[in-house]
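*Asks:* Sequence and predicted model, in that order:
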Amino acid sequence: MTTNYETREHDVLIIGAGGAGLRASLEALAQGASVGVVCKSLLGKAHTVMAEGGIAAAMANVDAADNWKTHFRDTMRGGKFLNNWRMAQLHAQESPDRVRELEQWGALFDRTENGDILQRAFGGHTFKRLCHVGDRTGLEMIRTLQDRGVQQGIDVYMECTITRLLIDGGRVTGAFAYWRETGRFIVFKAKSIVIATGGIGKAWRITSNSWEYTGDGMALAYEAGAELMDMEFVQFHPTGMVWPPGVQGILVTEAVRGEGGILRNKAGERFMEKYDPKRMELSTRDVVARSIYTEVKEGRGTEHGGAYLDISHKPAEYVKKKLPSMYHQFKELADVDITKGPMEVGPTCHYMMGGIRVDAETAQSTVPGLFAAGEAAAGLHGSNRLGGNSLSDLLVFGRRAGLAAAQYAKRASASSFDNSQIEQAEKELLAPFSNSGSESPYAVHRDLQAVMQNLVGIYRTREDLEKALVELEKLRVCAAKASVGGSRLFNPGWHLSYDLKAMLIVSEAVTHSALARTESRGAHSRIDHPNLDPIWEKKHNIIVRETGAMKRRESPIEAMPEELKQILAEDKS
Amino acid sequence: MKEATLRVFRGDSDGGQTVDYRVPVAPGMVVLDALHYIQGHLAPDLAVRWNCKAGKCGSCSAEVNGRPRLTCKTRMDDLPQDQPITVLPMKSFPRIKDLVTDVSWNYRVNSKIPPFEPRKGVEWKISQLDVDRVQEFRKCIECFLCQDVCHVLREHHKKEQFAGPRFFVRIAGLEMHPLDGGNRAGLLKDQLGLGLCNITKCCTEVCPEEIRITDNAIIPLKERVVDEFYDPLTMLFRKIRGR
Ligand SMILES: Cc1cc2nc3c(=O)[nH]c(=O)nc-3n(C[C@H](O)[C@H](O)[C@H](O)COP(=O)(O)OP(=O)(O)OC[C@H]3O[C@@H](n4cnc5c(N)ncnc54)[C@H](O)[C@@H]3O)c2cc1C
Ligand code: SF4
Ligand code: SF4
Ligand code: FES
C-alpha cells in the first residue's frame, strides 16, 4: 500500500464550516490557537446559509416581558423535558449576547421602530423572539462569520471530506481526509478536534437537507468510541413543498406561520383547531407535522397529498418584504403566487435533535480531545427543537466548543498516532474502485431512503422498526460491495460511497433507539405506544460501539437544581 | 413519459466534449434535477456542485443554452424541448471537471477587502430604512454568475487587476452600512480596478438575486471614488490631513 498524502498541523481542527464550526473557529483563534477548518462544500455553502426564519434570543426588544427564564421554559417544554437542562439554561442566558456580537461584526437585522433588532413570533416561543433578516437569516449569519474568520486568519480547507478520526491512547489526535477535487489524501494533526458537521436528513427521501447531511460527524465520533445520544429524535418539519415532484421536501419556512399563515385542509377547515386550539398554527413542530400527516391520511389532504398554507390575506407588499425568498421559491418553482393563493405543504425530514453526547459547559464528547457543537451534538433540544433555537445553539455552543478545544490544546502534548490507521483509511476509501458489486452507490442510497422514509418516519411501530433493522443490515452488505467507475478526480459517485457508510451507521442508531423507546415523546411517535411514559422521561438512549458492534444503553437524566425546577413550575399554562 | 436530451460538457482541464443524455421529464423539473438523474442512473461520476436546490446557496451555477444560470432555478419547461439542452461549465473560471470550475480566485479577492469597522462610540440603533438599502447587497449568494458574464474577466482575463461585480456588491454593502467607518475608496481605485468597469450591465442581467449591481452598487462606488480622489475640495482636505 502506498501511503501518499500531504500533512497539515493545527492546534485545533474544526470539521464543518457552518455556523457552529465558524463560531468555534473564531473563539479558538481568539485564544491564540492555530485553527484549521475543513468543509465538504465551498466556504459559505453549508446548511446554515439556508436558514430562513431567524435566531431565537430573549432580547425583549418587541415583547418587554421576555427573559431567559421564559426562553429556558419554552425550550424545555418544547423538548418534553428530555433536554439537558444545563444546556437549555446556558443557551437561553447567552444567546442575546451572541446575537449582539454578530451585529458588532457587521450583521444587519430587521429593525423595530426604535432602531433595535426586530423579533418575530415562532412556534412554541411564548414571546416574539426570533431576530431575523426577512427570510434569509442564515445567509446573514454565515457571511458575517466567514468574512470575520477569513480576516482573523483561519485556514480553510474547502471541498475536503474527513473520513476517519485518528486516535492515540484513547485520545483524538488527528483526522484523515480526501480532497474532493483531486481525490488525493490529506492527514491533519491536531491537539483537539471540534465536530460541527450538522445533521443526517439525506437518509430520508423527502427532506429539506442537502447532499452534505449524511451524518458524517456522528459516524466519525461513533467510530472513535464516542457516545451518541437520543438518536430516535428526528424532526419532521411540518411544511415542506409537496408539488411539483422535483421540489418535494424543500423547506417552507415557519416564518410563514409566524407572520400569520393559516393551515387548512381540502374542505377549507382550519384543522389546527382540533389538534391544538390554543397555539393553533404556532404549536410545536412535532404537533403540527403529525396534524398535517393525519389530515392527509384520513383523506382530507390536498390534490398532491398535503395541506394548504395560506398567507394571501396579508397585503401583498408585506408578504414580499417579509418572505421574499418564499415568494420567489413558489413563483419560480411551483407557479404559485403566494400573495394570491395558498401553498401546498407537507412534512419533510429536517433536523436531528440527537447526536454526539457532550458536556454542557465545554461541549466535550465522551472521548478526550473530541468536541462537538451545532446540529451534530445532542442535548439542548431534547425530543423536539423549537424553530430558531438552532441558529442560537450554533453561536452559544460553537463558541463554548472553540474555547474549550483551544484550552484543551494548550494543555495537551503534541499530536502523534500510529500510521497503520492511515493505511486502513486509504484502503477503505479506495475499495469502491475495485469492488465487484454491480450496484452504484446511488442505487443503494435510493434504497436506504425508501427504508427510512417508509419504516422510520413520523409514525413508527415495532414491526416497522424491526423490519428496518433487517433491511439496513442488507443494505450495509450492498454498500460495502458497491462499485464506482471513473477516476479520483471530482467523482461524486465515489464520494457518495463514503457518505453511504456514515448514513448507514446513523440510520441504524436511529432505528435501534426508536425501537427501544416504547413511548411517544416530541418528535418520536409510536403508534403502538401512543402516550408519554414517565419512566422514559428520566433516561436517555445511548448508542456506542463496543467490540466492533453497535450497542444501546440507557443513561439516567441528572436531577435538575431547585431554582430551575421553580422556573418550570411558574409556568401556569 | 416525456423525455429531453441534455448535452453536458464532460471533461477536465485538459479538454473534453459534450455528451448527450436522455432524461425523463417530470412536471416542474429543473435542470439540476436532470443532472441528478444522470448521476443517479447514467453517469455516477458526473461532477456537479449543488447544496440547497432552492436558489439560496449559489453552488449550482452553469451555462444553460449559453446563458449563465442557477441550474436549480432553471425550469426544463421554460427551455425549448425539441432540441438538446446544453449545459456547460462557467467559462470565466478554470475547469476542474465536467460542470465544476475552480472559483478559488474569488475567495482570494474577498480576503483583500477590509471588514466592517464600526465607527467609534456608535450607538447600535439603526433605522429599517438604512437596513433596507444595504440588504440588497447582502442578499448576494455568491453564485459568481456575474463574475462569469463580465467581459473584463470573461474576455479580457483581467483577474489580477479587477475584482469583479460580486466584490463591488460586497464593498457597497460595507460602505453603505449605516455604522461603518471604514474607507475602501483607495482600494477600489488602485487594487480592485473599479475603473475597468464600463457599465455594460451584463452582470445585473444575470444576477439571480435581482441585485441591481450596476445602478445601485457600481455607479455609487464610482461616484465615491471620484469624490475622494478627483474632487478638488476633498483633495485639498486630504493634503491638509496628510493622507
Ligand atoms: C432550509 C432550512 C431552514 C432552516 N431555518 C432555520 C431557522 O430559521 N432557524 C434556525 O434556528 N434553524 C434553522 N434551520 C436549521 C439550521 O439551519 C441548521 O440546524 C444549522 O444551520 C446547522 O448548522 P451547523 O453549523 O451545525 O452545520 P452546517 O451549517 O450544516 O455545517 C456543516 C458543515 O460540516 C461540513 N461537513 C460535514 N461532514 C463533513 C466531513 N465528513 N468532512 C468535512 N466537513 C464536513 C459541511 O461541509 C458543512 O460545512 C434550517 C435548516 C434548513 C435546512
Ligand atoms: S457593468 Fe461593469 S462589472 Fe458589470 S458586467 Fe459590465 S463591465 Fe462587468
Ligand atoms: S451579485 Fe448576484 S450574480 Fe453576483 S455573485 Fe452575488 S448573487 Fe450571484
Ligand atoms: S443548489 Fe443552491 S443555489 Fe442552486
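*Replies:* Right, received. Where do you want to start? Numbers count the residues shown, from 1 in each chain, chains lettered A, B, ... in the order given. Ligands and ions are numbered 1, 2, ... in the order given.
*Asks:* Domain parsing of the chain, as residue ranges.
*Replies:* Just going to use chain A. Domain segmentation of chain A under automatic domain parsing yields A:5-233+A:353-411, A:239-349, A:420-545.
*Asks:* not what I meant, chain B
*Replies:* As given by automatic domain parsing, the domain ranges for chain B are B:3-101, B:104-234.
*Asks:* Could you tell me which residues make contact with residue A:510?
*Replies:* Neighbour list for residue A:510: A:200, A:203, A:231, A:232, A:234, A:354, A:452, A:456 [criterion: Cβ atoms under 8 Å, 6 or more residues apart in numbering or on different chains]. Quick note: C-beta positions are derived from backbone N, CA and C, even for glycine.
*Asks:* at 7 Å what do you get?
*Replies:* For residue A:510, the contacting residues are A:231, A:232, A:234, A:456, by Cβ atoms under 7 Å, 6 or more residues apart in numbering or on different chains.
*Asks:* How about residue B:172?
*Replies:* Residues in contact with residue B:172 (Cβ under 7 Å, 6+ apart) are B:137, B:217, B:220, B:221.
*Asks:* Can you point out the buried residues in the one helix or strand the last one maps to?
*Replies:* It refers to residue B:221. Assigned by DSSP states H and E, residue B:221 belongs to helix B:219-229. Residues B:219, B:221, B:222, B:224, B:225, B:228 are the ones in helix B:219-229 that count as buried (16 or more other Cβ atoms under 10 Å in any protein chain shown).
*Asks:* Just give the closest residue to the third one, not the sequence neighbours.
*Replies:* Here the nearest residue to residue B:222 in space, its sequence neighbours aside, is residue B:194; by Cβ to Cβ, 6 or more residues apart in numbering or on different chains that works out to 6.2 Å.
*Asks:* Same question for the last one.
*Replies:* Distance criterion Cβ to Cβ, 6+ apart; nearest residue to residue B:228, sequence neighbours excluded, is residue B:185 at 4.1 Å.
*Asks:* so that neighbour touches residue B:227, yeah?
*Replies:* No: with contact defined as Cβ atoms under 7 Å, residue B:185 does not count as touching residue B:227 (8.0 Å).
*Asks:* Keeping just the C-alphas, turn the helix holding residue B:221 into PDB.
*Replies:* Output of helix B:219-229 as PDB, limited to C-alpha atoms (Å, rounded to 0.1, in the frame of the first residue of the first chain):
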ATOM      1  CA  ILE B 219     -22.200  53.600 -10.000                       C
ATOM      2  CA  PRO B 220     -22.400  55.000  -6.400                       C
ATOM      3  CA  LEU B 221     -19.000  53.500  -5.700                       C
ATOM      4  CA  LYS B 222     -17.600  55.100  -8.800                       C
ATOM      5  CA  GLU B 223     -19.000  58.400  -7.600                       C
ATOM      6  CA  ARG B 224     -17.400  57.900  -4.300                       C
ATOM      7  CA  VAL B 225     -14.000  57.300  -5.800                       C
ATOM      8  CA  VAL B 226     -14.400  60.500  -7.900                       C
ATOM      9  CA  ASP B 227     -15.400  62.400  -4.800                       C
ATOM     10  CA  GLU B 228     -12.500  61.100  -2.900                       C
ATOM     11  CA  PHE B 229      -9.700  61.400  -5.400                       C
END
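*Asks:* So which elements touch that helix?
*Replies:* helix B:165-175, helix B:185-190 (3 or more Cβ pairs under 7 Å, 6 or more residues apart in numbering or on different chains; DSSP states H and E).
*Asks:* Off-centre distance for the longest one?
*Replies:* Read that as helix B:165-175. Distance of helix B:165-175 from the chain centroid (Cα atoms, centre = their mean, to the nearest Å) equals 11 Å.
*Asks:* okay, which residue is most central for chain B?
*Replies:* residue B:144 (2.7 Å; Cα atoms, centre = their mean).
*Asks:* That residue and residue A:498, how far apart?
*Replies:* 28 Å (Cβ to Cβ, to the nearest Å).
*Asks:* ditto for residue B:196
*Replies:* For residue B:196 relative to residue A:498 (Cβ to Cβ), the value is 44 Å.
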